[in-house]
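In: this is a predicted model, with the sequence first.
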There are 2 protein chains.
Amino acid sequence: MERRPVSLLEWAYQEIRQMLFSGRLAPGEKIVVGQLAEKLSISPTPVKEALNRLVAEGLLDAMPRRGFQVKHLSAKEVHDILDCRLMMEVFAARKAVENFKRHPEIRKEMLADLKELENVEFHDYVEATRLEQSYHSSFIRLTENQHLMNLYNILFGVGFSFYVYASENHPMERHSEAQSEHRQMLEALDRGDVEGLETALRSHLERTINLYETFSSAFAAETLHN
Amino acid sequence: MERRPVSLLEWAYQEIRQMLFSGRLAPGEKIVVGQLAEKLSISPTPVKEALNRLVAEGLLDAMPRRGFQVKHLSAKEVHDILDCRLMMEVFAARKAVENFKRHPEIRKEMLADLKELENVEFHDYVEATRLEQSYHSSFIRLTENQHLMNLYNILFGVGFSFYVYASENHPMERHSEAQSEHRQMLEALDRGDVEGLETALRSHLERTINLYETFSSAFAAETLHN
C-alpha cells in the first residue's frame, strides 16, 4: 500500500530496490527488461528508467545493447564502501551533536529504531538492515546537509545486500554488542559529547570491517541469497 | 568526435551534462524531452533515460507528469556541497600519500592539469573548472576506492555550475593564489607529507567557502549564465 500516489517510475524504482535488497534479484543476475516489466505488471518504459537510475547509484551494471546485470561486490569493494561510511558518519558527528536539540523528532525515531532492532524477528535480516540504515542515517540527517544525505543513501544502497549477508553471518554475541554500541551513540548525543559519538561510531564501524574480514573470502566466493 | 563507440544513452548523458555545465541549460530551466531529443537529433527514449540518471545524481528535478527542471542551488546547498568536498578530499589525503609512488601516471596527469590551468584562456571558466575537477579528483583516484570516486563525481557534478560561476567571480589574485595552493598539494605528495597535504586541501577549500560567502547572496538571487 502506498501512502501517497507516486509516479510509475518512482514505484518501479522502489520495487526493484526491494527486490535487490531482499535477494530476489541476486548479485550477478541478468535482468531482462521485458520480463521484469511483466512481473511488475507495468510497461517496459518506467522499468527501464528505474533500472538506469539504479545504474547511476551503482547497484546495477548496464551492458550496452544487452540489458542490465546486478552488481557483484568484491571483497575490496565491500571494504571500500565501509570506509566511505566511516568517513561520512564520523564527519557527521560534530554537526549531529550541534543540531541535536533542535530535532526532538529524530531522537524519537532513533528510540523507536532501537526498540524495533531489539524485537525484530531474528531471521528477518532485510528488516534488521533497514532499521540499521534508519538508525545510522539519523546522524546524517542531523547535519541538515541534504547533499550528504543523498550521497549516504546512494552508498548504503550499494552496500545493502552485503549488510544483509553480514547480519546473517555475525556470531550471536555481535548482535547484542552492536545494540549496546547503538545505545552508546544516543547517550553521547544526549550528553552533547562529540568525541564520545565519534569514538562510538568509529569503533562500531571498525568492528564491522574486522568481522567482515573474517568471512570476506566466503562472501566473495558465493552468490548471495540464491 | 568520440574516441570509441558508446551507447546512445551514454552519449546523450554526456551531452546533456555538458549543456548543464556550460550554462546552455540554466538553473531553473524546464526541459521538454521532445525538444531536447530534436536538438540532439536522437529519439526521446535515450534522452529520457539520461535525464533520469541526472535526476539520481541531483542535477535535475523530476516533476511528476511534467518533465524535468534544472536544479537551482540555494546558498546553503552550495555551502553543504563544499562541506562534502572538504570531507572527501581531506579523508583521501592519507591514502593518497600511501599510494602515490605506485601511480606515476597520476603524477604526470596532475602536472599536465597544473600546466593547463596556468594557460587556460582566462574567460574559459568551464574548461578551467573541468581542469580543477581533474586535478582534485587525483587525490580521490589515488585512494584506489572506486566507490569514493563515484560519490565524488556525483558531488562535483552537482556543484559544477556553481564552480564555474565562482571562478568567474573570483578576484584576480585568487586565481594565482589557488594555483600556488595546487602546487603545494603536489609538493606534499612528493614529500610523502600527509599533514601537509591535509592542510593544503583544507585551507584551499576553506578559502573557497569563505570567498563564496562574499557573493552567495548574489549567486542565490540571479539565474546563472542566462
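Out: Thanks, I have the structure now.
In: only C-alpha atoms for contact and neighbour calcs from this point on.
Out: Noted.
In: relative to A:Leu151, how far out is A:Asn52?
Out: 17 Å (Cα to Cα, to the nearest Å).
In: so these two - more neighbours on which side?
Out: Legend: neighbour count by other Cα atoms under 10 Å in any protein chain shown for A:Asn52 and A:Leu151, higher for A:Asn52 (26 against 22).
In: which SSE is that one in?
Out: Per DSSP states H and E: A:Asn52 is located in helix A:44-56.
In: are that helix and chain B in contact anywhere?
Out: Yes - Helix A:44-56 is in contact with chain B by Cα under 8 Å from any Cα of the partner chain, via A:48-50, A:52-53, A:55-56.
In: so A:Ala50 makes contact with A:Glu15?
Out: No - at 9.5 Å, A:Ala50 and A:Glu15 do not qualify as touching, with contact defined as Cα atoms under 8 Å.
In: ok, the two, which is more surrounded?
Out: Set A:Ala50 next to A:Glu15 and count neighbours by other Cα under 10 Å: A:Ala50 wins out with 26 against 15.
In: can you count the residues close to the closest residue in space to the more buried one that isn't next to it in sequence?
Out: Of all residues not flanking A:Ala50 in the chain, A:Tyr13 sits nearest, at 4.7 Å (Cα to Cα, 6 or more residues apart in numbering or on different chains). By other Cα under 10 Å, the residues close to A:Tyr13 number 21.
In: which residues touch A:Tyr13?
Out: Going by Cα atoms under 8 Å, 6 or more residues apart in numbering or on different chains, A:Tyr13 touches A:47, A:50-51, A:53-54.
In: does the most centrally placed residue in chain A lie in a helix or a strand, and which?
Out: Centrality entry for chain A: nearest residue to the mean C-alpha point is A:Phe156, 3.6 Å, by Cα atoms, centre = their mean. Using DSSP H and E, A:Phe156 sits in helix A:146-169.
In: same check, this time on A:Glu77
Out: Assigned by DSSP H and E, A:Glu77 belongs to helix A:75-99.
In: got the angle for that helix vs helix B:146-169?
Out: Helix A:75-99 and helix B:146-169 are oriented at 50 degrees to each other (axes from the mean of the first three to the mean of the last three Cα atoms, to 10 degrees).
In: tell me how far helix A:75-99 is from the chain's mean position?
Out: Helix A:75-99 has its C-alpha centroid displaced from the chain centroid by 12 Å (Cα atoms, centre = their mean, to the nearest Å).
In: same deal with stretch A:9-17?
Out: The chain centroid and the centroid of stretch A:9-17 are separated by 16 Å under Cα atoms, centre = their mean.
In: that stretch - what's its average pLDDT?
Out: For stretch A:9-17, mean pLDDT is 89.
In: likewise for stretch A:100-116?
Out: The average pLDDT within stretch A:100-116 is 97.
In: that stretch: which residues count as buried?
Out: Using 16 or more other Cα atoms under 10 Å in any protein chain shown as the test for burial, stretch A:100-116 gives A:100, A:106-107, A:110, A:113-114.
In: who in chain A is up against chain B?
Out: So chain A meets chain B at A:6-7, A:48-50, A:52-53, A:55-57, A:64-65, A:77, A:80-81, A:84, A:87-88, A:91, A:145-148, A:151, A:155 (Cα under 8 Å from any Cα).
In: which of those residues count as buried?
Out: Among these, those scoring as buried are A:48-50, A:52-53, A:55-57, A:77, A:80-81, A:84, A:87-88, A:91, A:145, A:147-148, A:151, A:155 (criterion: 16+ other Cα under 10 Å).
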